[in-house]
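Enquirer: generate a structure from the sequence data that follows.
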Amino acid sequence: MPACGDRLSSRLLTDGVALQDDYVSPAAVRELKRCAERRRGRGEFGAARVGAERSLRREGIRGDMTCWLGEPLFAAERALLRKFEQLRLEVNREGWLGLFDLELHYAWYAPGTGYARHADQLDGSNERVVTLILYLNETWHAGAGGELRLFAADARYRDIEPIAGRLVCFLAAGREHEVLATREGRWSLSGWLRRRP
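Expert: The predicted structure follows:
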């Protein structure tokens, strides 16, 4: 069986979107969620912002709270970064995308919040190349809302449930998406494989 990264990178480069269930183990999901909850308890989460400088808070656009990852990191976070680094190298090897960096944050959505339709590449910037979203919701069930809605160029869309251990990655250029309103607290680690400006 090929490594997860091999399957992911091939599907990502062929289809523009790839999904991998059980990208991390249930134990890793639990530990990452504990890390997020510790950071939240220490006051490291803040209201998410939009725009190139992350300076605008628009509650009509997005309602999540975020915590950007930086040193010092917990062991589970370091392990995940090593896994994402392997994926970055594989995507570069297969697709020659020039990815050099990872930007990553926790996101927590309170019940009733979501994130309106948007694209991850900011105006005038092509640094964010691949979007990564890893879900940390251990008891998610149908009807809880909070799905990721990915739009295709022809106005069709696909809804993806935020199930624990599921990794969604997609090429960011022109890929509009939204987070549908959640009925329960919703956790994820989200970010981008980036190229140099």
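
Enquirer: and residue 178, how far is that from residue 40?
Expert: Residue 178 sits 24 Å away from residue 40, taking Cβ to Cβ, to the nearest Å as the criterion. Where you see a C-beta, it was placed from the backbone N, CA and C, and this is true even at glycine.

Enquirer: ok, now residue 166?
Expert: Applying Cβ to Cβ, the value for residue 166 to residue 40 is 21 Å.

Enquirer: give me the more crowded residue out of those two.
Expert: Neighbours were counted for residue 166 and for residue 40 using other Cβ atoms under 10 Å; residue 166 has more, 23 against 15.

Enquirer: can you tell me which residues contact the more buried one?
Expert: Neighbour list for residue 166: 19-23, 134-135, 160 [criterion: Cβ atoms under 8 Å, 6 or more residues apart in numbering].

Enquirer: mean confidence for stretch 75-87?
Expert: In this model, stretch 75-87 carries a mean pLDDT of 96.

Enquirer: quick one: contacts of that stretch?
Expert: Here stretch 75-87 makes contact (Cβ under 8 Å, 6+ apart) with 3, 5, 8-9, 23-24, 28, 31-32, 34-35, 69, 73, 102, 104, 132, 134, 169, 189, 193.

Enquirer: which of those fall in strands?
Expert: 102, 104, 132, 134, 169, 189, 193 (DSSP state E).

Enquirer: filter those residues to the buried ones?
Expert: 102, 104, 132, 134, 169, 189, 193 (16 or more other Cβ atoms under 10 Å).

Enquirer: leaving out the residues flanking it, which one is nearest to the fourth one?
Expert: So the one you mean is residue 134. Distances taken as Cβ to Cβ, 6 or more residues apart in numbering put residue 189 closest to residue 134, at 4.5 Å, once the chain neighbours are dropped.

Enquirer: the second one now?
Expert: The spatially closest residue to residue 104, leaving aside those adjacent along the chain, is residue 191, at 3.4 Å (Cβ to Cβ, 6+ apart).

Enquirer: identify the single longest helix in the protein, thanks.
Expert: If you go by DSSP state H, the chain has its longest helix at helix 75-95.

Enquirer: in it, what counts as buried?
Expert: Across helix 75-95, burial judged by 16+ other Cβ under 10 Å covers 76-77, 80, 83-84, 87-88, 90-92, 95.

Enquirer: what helix or strand is residue 39 located in?
Expert: Per DSSP states H and E, residue 39 falls inside helix 26-41.

Enquirer: so what are the sheet partners of the helix or strand just after that helix and their directions?
Expert: Using DSSP H and E, the helix or strand that directly follows helix 26-41 along the chain is strand 46-47. When pairing is defined by DSSP bridges, strand 46-47 lines up against strand 65-68 (antiparallel).

Enquirer: and the strand it pairs with, how far from the chain's centre?
Expert: Taking Cα atoms, centre = their mean, to the nearest Å, one finds the center of strand 65-68 at 12 Å from the center of the full chain.

Enquirer: nice, that's everything, thank you.
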